[in-house]
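S.K.: I need the structure of the sequence given here:
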Amino acid sequence: MVLLLYDTVRNYSRKDIYPFHMPGHKRNPSMTPPDLLGLDMTEIPGLDNLRHADGVIRFAQERVADIYGADTCLFSVNGASAGIIAAICACCREGQSLLMPRNSHVSAFSGLVFSGARPVYVYPEETAFGLCGGVKPAHIKHMLESNPECQAVFITSPTYEGFVSDIKTIAGYVHEFGKPLIVDEAHGAHFPFYGVPEPAIRLGADIVITSPHKTLPALSQSALTLVKGVRAHSERLKFFTRACQTSSPSYIIMSMMDYTFQSLSGNIKVFDEYARRLAAARAELTDLAAFRLIGEEITGTAAIYAMDLSKMLFIALGGMSGHELEQRLADEFKVQLEMSGERFALALTGVADTDEGFERLIKGVRSLDALAAEMDIPARRDSYECPPRAESRLTPRQASFASWEQTELHNSIGKISADFISAYPPGVPLLAPGELITNEIAGRLSDIGINRTKTVSVF
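M.R.: The predicted structure follows:
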């Protein structure tokens with residue numbers, strides 16, 4: 001029997017499995033307009049044109065810019081990935097350099113492929129439980145002093161797990177060198193509305209890319225590029241934003257973004273109710289035995305300036321892995337988390353979550369925690385939580401366009417990668433084009449079941 005995508009997705013949606021994952025509308029009908037099909041339009045008179053917006057789309061973008069405190073907002077219907085690629089292309093040209101954390105999303109590496117820029121890596125601090133934390137501002141300053149050829153700086157904040165770096169201080173250092181700061185704030189679209197750190201665009205960032213579909217009630221692929229100041233290469237950014245997007249943008253996605261921001265702007269009550277639900281859930285899950293729910297206590301460690309408490313990050317202390325917690329929550333309690341590893345599990349919460357959803361999560365985690373506490377199994381560490389130290393022998397663009405060959409993993413050591421290998425989510429490459437495959441990297445790839453790679457054969 002051939003399974004149809006429509007049938008598979010539809011059947012899953014009928015299973016009543018509660019989503020503590022993206023998209024942020026959580027399939028909650030109270031957060032979406034009733035006439036989505038009626039919003040599927042094209043560029044007919046009166047509906048404007050995203051590529052050269054001067055009507056209703058322009059006004060919608062201006063309203064969102066005001067909410068975040070930006071000079072300009074550009075809608076993206078190709079997700080944050082398109083905005084990140086466009087931002088890197090706008091700021092860096094072929095042969096130039098970009099300072100970026102090695103744990104950046106794969107879209108930043110795609111931006112290097114498209115632009116031809118060379119990465120200069122800064123490595124994030126590591127938490128006591130093995131996840132990548134924040135980036136020290138002093139490290140950014142030192143790297144810019146050592147690498148004055150860098151044309152821009154790229155930072156991810158918050159991380160997938162909710163760790164926020166000190167963007168204000170980083171922006172100050174970057175601007176001392178006259179460079180623009182690009183921030184991947186894909187997981188922080190809710191920052192203007194909820195009691196978490198301020199949006200990066202208000203803290204000195206020049207270009208910020210964020211994803212309303214992750215933490216707000218928008219549709220998948222909804223994203224924004226926010227611009228402030230004179231360092232953002234605005235006209236180049238607009239050009240590459242058009243180049244990275246479809247010429248037939250979805251009016252459903254754009255209209256839903258406009259609806260989301262109009263309905264949430266100034267709606268203090270809905271965020272107060274969410275804050276109550278979240279605080280109550282966190283209070284119920286602070287005394288676990290086999291898991292630890294990360295909270296504000298993490299701030300000040302591993303260069304973490306603040307913790308986004310909407311991310312419920314559970315650290316497995318022993319007895320049950322994060323993978324097993326995720327699987328059993330889905331199977332036994334009809335709660336699906338966003339992602340997991342051997343040592344952690346992550347639930348994404350948002351304003352569209354309900355009391356019933358949080359009740360399911362609390363019941364499931366507490367029940368499985370009690371079970372795990374009776375198991376005499378030590379906690380294990382993932383082999384891919386933080387990316388390994390990497391040596392770039394070619395730029396990602398050079399390696400991607402070179403001739404390549406499939407190579408058995410054990411024969412690839414000492415060769416140059418021609419492709420990306422990443423665990424998704426969170427989409428951070430373990431190996432990127434142009435990087436040297438070392439014994440350590442090969443070992444990590446083997447741990448996750450990779451036995452063949454693409455390596456550069458001719459250059």
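
S.K.: Show me how far the longest helix seen in the chain is from its chain's centre.
M.R.: Longest helix in the chain by number of residues (criterion: DSSP state H): helix 355-373. Offset of helix 355-373 from its chain centre (Cα atoms, centre = their mean, to the nearest Å): 26 Å.

S.K.: Quick check: mean pLDDT of that helix?
M.R.: Across helix 355-373, the average pLDDT comes to 98.

S.K.: now do stretch 320-339
M.R.: The pLDDT scores in stretch 320-339 average 97.

S.K.: List the buried residues for it?
M.R.: With burial defined by 16 or more other Cβ atoms under 10 Å, the residues of stretch 320-339 counted as buried are 320-330, 333, 335-339. The C-beta positions use only the backbone N, C-alpha and C, and glycine is treated the same way.

S.K.: Likewise for stretch 244-252?
M.R.: Going by neighbour count (16+ other Cβ under 10 Å), the buried part of stretch 244-252 is 244-245, 249-252.

S.K.: Please flag which of the residues you listed sit within helices.
M.R.: Under the assignment DSSP H, the buried residues of stretch 244-252 contribute 251-252 to helices.

S.K.: With pLDDT and distance to Y18 as new columns, can the buried residues of stretch 244-252 be given to me in JSON lines?
M.R.: As requested, the buried residues of stretch 244-252 are exported to JSON lines (pLDDT from 0 to 100; distance: Cβ to Cβ, whole Å):
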{"residue": "C244", "pLDDT": "96", "distance to Y18": "34"}
{"residue": "Q245", "pLDDT": "94", "distance to Y18": "33"}
{"residue": "P249", "pLDDT": "96", "distance to Y18": "31"}
{"residue": "S250", "pLDDT": "97", "distance to Y18": "27"}
{"residue": "Y251", "pLDDT": "97", "distance to Y18": "30"}
{"residue": "I252", "pLDDT": "97", "distance to Y18": "24"}
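
S.K.: I'd like the buried residues of stretch 244-252 as CSV, with distance to H213 appended.
M.R.: Shown next, in CSV, are the buried residues of stretch 244-252 (distance: Cβ to Cβ, whole Å):
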residue, distance to H213
C244, 17
Q245, 15
P249, 15
S250, 12
Y251, 16
I252, 12
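
S.K.: Direction included, what does the worst-scoring helix or strand of the chain on mean pLDDT pair up with?
M.R.: Lowest by mean pLDDT, DSSP states H and E among the helices and strands of the chain is strand 421-423, with a mean of 81. Paired neighbours of strand 421-423 in the sheet (DSSP bridges): strand 428-431 (antiparallel).

S.K.: Need the pLDDT of L98.
M.R.: For L98, the pLDDT comes out at 98.

S.K.: That one - how many residues pack around it?
M.R.: Per other Cβ atoms under 10 Å, the neighbour tally for L98 reads 24.

S.K.: next structured bit after the helix or strand harbouring it?
M.R.: With secondary structure defined by DSSP states H and E, L98 is part of strand 97-101. Scanning forward in sequence from strand 97-101 by DSSP H and E, the next helix or strand is helix 106-115.

S.K.: Would you map out the domains in the chain?
M.R.: Domain assignment for the chain, taken from automatic domain parsing, gives 29-264, 268-373, 396-458.

S.K.: which residues touch the nearest residue to L181 once chain neighbours are set aside?
M.R.: In space, and not counting its chain neighbours, L181 is closest to V174: 4.5 Å by Cβ to Cβ, 6 or more residues apart in numbering. Contacts for V174 (Cβ atoms under 8 Å, 6 or more residues apart in numbering) come out as 140, 144, 153, 180-181.

S.K.: of the residues you listed, closest to Y305?
M.R.: I140 (12.9 Å; Cβ to Cβ).

S.K.: Report the secondary structure state of the closest one.
M.R.: Three-state assignment for I140 (DSSP: H, G, I helix; E, B strand; the rest coil): helix.

S.K.: hmm, back to that, quick one: name whatever helix or strand follows the helix or strand where the residue nearest to L181 lies.
M.R.: In this structure, V174 sits in helix 167-176 according to DSSP H and E. For helix 167-176, the following helix or strand on the C-terminal side (DSSP H and E) is strand 181-184.

S.K.: buried residues in that following strand?
M.R.: Using 16+ other Cβ under 10 Å as the test for burial, strand 181-184 gives 181-184.

S.K.: between those, which is closest to F193?
M.R.: F193 lies nearest to V183 out of the buried residues of strand 181-184, by Cβ to Cβ, at 17.9 Å.

S.K.: hey, what's that closest one bridged with?
M.R.: I155, V208.

S.K.: which ones are touching it?
M.R.: If you count contacts by Cβ under 8 Å, 6+ apart, V183 has them with 154-157, 167, 200-201, 205, 207-209.

S.K.: among those, which ones are buried?
M.R.: Buried subset of the contacts of V183 (neighbour count, 16+ other Cβ under 10 Å): 154-157, 167, 200-201, 205, 207-209.

S.K.: could the residues you listed go into CSV alongside pLDDT and distance to H105?
M.R.: Formatted as CSV, those follow (pLDDT from 0 to 100; distance: Cβ to Cβ, whole Å):
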residue, pLDDT, distance to H105
F154, 98, 10
I155, 98, 11
T156, 98, 7
S157, 98, 12
I167, 98, 17
A200, 98, 15
I201, 98, 18
A205, 98, 16
I207, 98, 15
V208, 98, 14
I209, 98, 10
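
S.K.: Which one of those is nearest to F239?
M.R.: I207 (13.9 Å).

S.K.: just checking, the closest one touches L226?
M.R.: Yes - using Cβ atoms under 8 Å, I207 is in contact with L226, at 7.2 Å.

S.K.: Please tell me how far the closest residue to V365 other than its chain neighbours sits from G295.
M.R.: Excluding the flanking residues, the one nearest V365 by Cβ to Cβ, 6+ apart is L285, at 5.8 Å. In this view, L285 and G295 are 10 Å apart by Cβ to Cβ, to the nearest Å.

S.K.: Between those two, tell me which one has more neighbours.
M.R.: More crowded of L285 and G295, by other Cβ under 10 Å: L285, with 21 against 14.

S.K.: That one contacts I362, correct?
M.R.: Yes - at 6.3 Å, L285 counts as touching I362 under the criterion of Cβ under 8 Å.

S.K.: so how many other residues sit close to E405?
M.R.: Counted with other Cβ under 10 Å, residues neighbouring E405 total 13.
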